[in-house]
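*Asks:* I need the structure of the sequence given here:
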Amino acid sequence: MQWYVVASLLTVLTSSQGILTTLSQSNGGYKYDYATIPFLAEIFKLIVSSIFLWRECKKSPPPRMTTEWKSVRLYPIPSIIYLIHNNVQFATLTYVDTSTYQILGNLKIVTTGILFRLFLKRKLSTLQWMAIVLLAVGTTTSQVKGCGGASCESLFSSPIQGYMLGVLSACLSALAGVYTEFLMKKTNDSLYWQNVQLYTFGAIFNMARLFADDFRGGFEKGAWWERLFNGYTITTWLVVLNLGSTGLLVSWLMKYADNIVKVYSTSMAMLLTMVLSVFLFTFKPTLQLLLGIIICIMSLHMYFAPPTTLVDLPLKSTPVEVSVDRRTDTDS
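*Replies:* Numbering: from 1, shown residues only. You can find the predicted model right below:
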């Protein structure tokens with residue numbers, strides 16, 4: 001399957017995630033424990049990857065699977081980074097409002113490019129760097145509300161700790177993605193074997209989070225496994241399947257494409273979500289949204305298009321052949 005097909009599917013699934021999550025609400029809240037969604041999504045990804053791995057193992061030759069401890073021990077690291085990232089996210093929201101937080105989140109586009117260059121030693125052309133910066137500008141522009149009253153002042157009125165935590169959150173998000181790509185491309189192991197290892201540790205860490213939530217709450221609502229499916233509806237299950245499928249597509253991109261493709265997919269998904277919200281919810285389109293979409297499309301073309309289509313290069317002059325009459329006077 002071509003990478004752009006997977007990237008397009010990822011864009012559609014990611015954009016529908018927020019819409020499905022909103023539709024799963026009841027009276028402005030959730031009747032189910034939202035912390036169980038990531039856990040069940042990890043279980044779903046683990047089951048799907050195990051089935052595909054089992055089918056691969058029945059073929060000849062069998063898939064390559066590295067089982068040495070020095071390799072397996074690297075797979076919990078992305079889950080640990082994401083765990084720290086989630087805590088930093090919550091800490092950031094204690095200092096800044098939601099709009100500022102979303103805008104600060106766009107820094108992960110640039111930090112991904114920087115870490116992509118530093119740790120994976122992948123060179124980017126000047127045009128590609130400009131495209132990445134344009135993408136961050138475009139997504140930010142689409143999220144900025146009209147400058148009236150306190151809406152613009154709030155962007156610069158937060159404590160310095162909030163901005164520092166926002167930058168740290170962006171760096172952690174980029175680090176988790178870049179490290180996962182390094183892990184997936186480090187060996188020629190089967191993608192599904194690598195997924196099984198990643199999602200096993202992901203399920204364990206999400207289970208630990210559920211235990212920690214129960215412990216902090218004094219087990220007032222009982223143990224998490226006793227209320228695991230409480231309040232679940234068809235829409236809630238669609239949220240789980242959507243989140244799990246998104247994770248599977250991301251792992252494919254990490255293995256066969258790269259982080260920048262994933263960044264573009266998720267950024268375009270955010271814009272697509274905002275456009276769909278105009279028709280599905282009470283969201284009103286703004287000039288900033290239109291400008292942001294135009295800038296992001298320009299960025300997309302700048303990054304992936306061949307340089308010859310972006311710059312008019314001068315045509316190479318072809319040497320003119322000069323015919324020489326070598327006849328002598330005696331021949332005439």
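
*Asks:* correct me, but residue 142 touches residue 287?
*Replies:* No. The pair residue 142 / residue 287 is not scored as a contact, 10.2 Å apart, by Cβ atoms under 8 Å. Using the backbone N, CA and C atoms, a C-beta is placed for each residue, glycine as well.

*Asks:* between these two, which one's more packed in?
*Replies:* The residue with more neighbours, out of residue 142 and residue 287, is residue 142; 24 against 9, by other Cβ atoms under 10 Å.

*Asks:* can you classify that one as helix, strand or coil?
*Replies:* At residue 142, secondary structure determined by DSSP: H, G, I helix; E, B strand; the rest coil is helix.

*Asks:* what residues are up against it?
*Replies:* For residue 142, the contacting residues are 270-271, 274, 288-289, 291-293, 296, by Cβ atoms under 8 Å, 6 or more residues apart in numbering.

*Asks:* buried subset of those residues, written for ChimeraX?
*Replies:* Typed into ChimeraX, the line below selects the buried ones among the contacts of residue 142, using 16 or more other Cβ atoms under 10 Å:
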select :270,271,274,288,289,292,293,296
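
*Asks:* biggest separation within the contacts of residue 142, which pair?
*Replies:* 270 and 291 (14.7 Å; Cβ to Cβ).

*Asks:* distance of residue 164 from residue 104?
*Replies:* 10 Å (Cβ to Cβ, to the nearest Å).

*Asks:* which of the two has more neighbours?
*Replies:* Set residue 164 next to residue 104 and count neighbours by other Cβ under 10 Å: residue 104 wins out with 21 against 12.

*Asks:* okay, buried residues for the helix or strand hosting residue 77 please.
*Replies:* For residue 77, the host element (DSSP states H and E) is helix 76-93. Neighbour-count burial for helix 76-93 flags 76-79, 81-83, 85, 88-89, 92-93 (criterion: 16+ other Cβ under 10 Å).

*Asks:* run through who's touching stretch 165-184.
*Replies:* For stretch 165-184, the external contacting residues (Cβ under 8 Å, 6+ apart) are 74-75, 77-78, 81-82, 84-85, 88-89, 91-92, 95-96, 100-101, 104-108, 110-112, 114-116, 119-120, 191, 194, 198, 251, 254-255, 258-259, 262-263.

*Asks:* show me where the stretch 1-150 of the chain has helices.
*Replies:* Per DSSP state H, counting those that start in this stretch, the stretch 1-150 of the chain carries helices over the ranges 3-23, 36-57, 69-72, 76-93, 98-105, 107-120, 126-143, 150-153.

*Asks:* need the contact list for residue 247.
*Replies:* Residue 247 makes contact with 41-42, 45, 199, according to Cβ under 8 Å, 6+ apart.

*Asks:* low pLDDT regions in the protein?
*Replies:* 146-157, 312-332 (pLDDT under 70).

*Asks:* quick one, domains of it?
*Replies:* 1-65+192-257, 67-186+286-310 (automatic domain parsing).

*Asks:* give the other helices and strands that the strand or helix carrying residue 267 contacts.
*Replies:* Element membership for residue 267, per DSSP H and E: helix 259-280. Helix 259-280 is packed against helix 3-23, helix 107-120, helix 126-143, helix 160-186, helix 234-256, helix 287-304, with contacts defined by 3 or more Cβ pairs under 8 Å, 6 or more residues apart in numbering; DSSP states H and E.

*Asks:* right, and the domains of the chain - which one's nearest residue 279?
*Replies:* Among these, domain 1-65+192-257 sits nearest to residue 279 (Cβ to Cβ), with 10.4 Å.

*Asks:* endpoints of the closest one, how far apart?
*Replies:* Start-to-end span of domain 1-65+192-257 (Cα to Cα, to the nearest Å) is 11 Å.

*Asks:* so can I have JSON lines of the contacts of residue 142 showing distance to residue 237?
*Replies:* Formatted as JSON lines, the contacts of residue 142 follow (distance: Cβ to Cβ, whole Å):
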{"residue": "270", "distance to residue 237": "24"}
{"residue": "271", "distance to residue 237": "27"}
{"residue": "274", "distance to residue 237": "25"}
{"residue": "288", "distance to residue 237": "35"}
{"residue": "289", "distance to residue 237": "31"}
{"residue": "291", "distance to residue 237": "37"}
{"residue": "292", "distance to residue 237": "33"}
{"residue": "293", "distance to residue 237": "32"}
{"residue": "296", "distance to residue 237": "32"}
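
*Asks:* ok, the contacts of residue 142 vs residue 204, which is closest?
*Replies:* Nearest member of these to residue 204, counting by Cβ to Cβ, is residue 270, at 29.8 Å.

*Asks:* follow-up on the earlier one: closest to residue 218 among the contacts of residue 247?
*Replies:* Nearest to residue 218, judged by Cβ to Cβ, of these is residue 42 at 26.0 Å.

*Asks:* for the closest one, give its distance to residue 209.
*Replies:* Applying Cβ to Cβ to residue 42 and residue 209 gives a distance of 11 Å.

*Asks:* ok, the two, which is more surrounded?
*Replies:* Neighbours were counted for residue 42 and for residue 209 using other Cβ under 10 Å; residue 42 has more, 25 against 16.

*Asks:* OK, contacts around that one?
*Replies:* For residue 42, the contacting residues are 199, 202-203, 206, 244, 247, by Cβ under 8 Å, 6+ apart.
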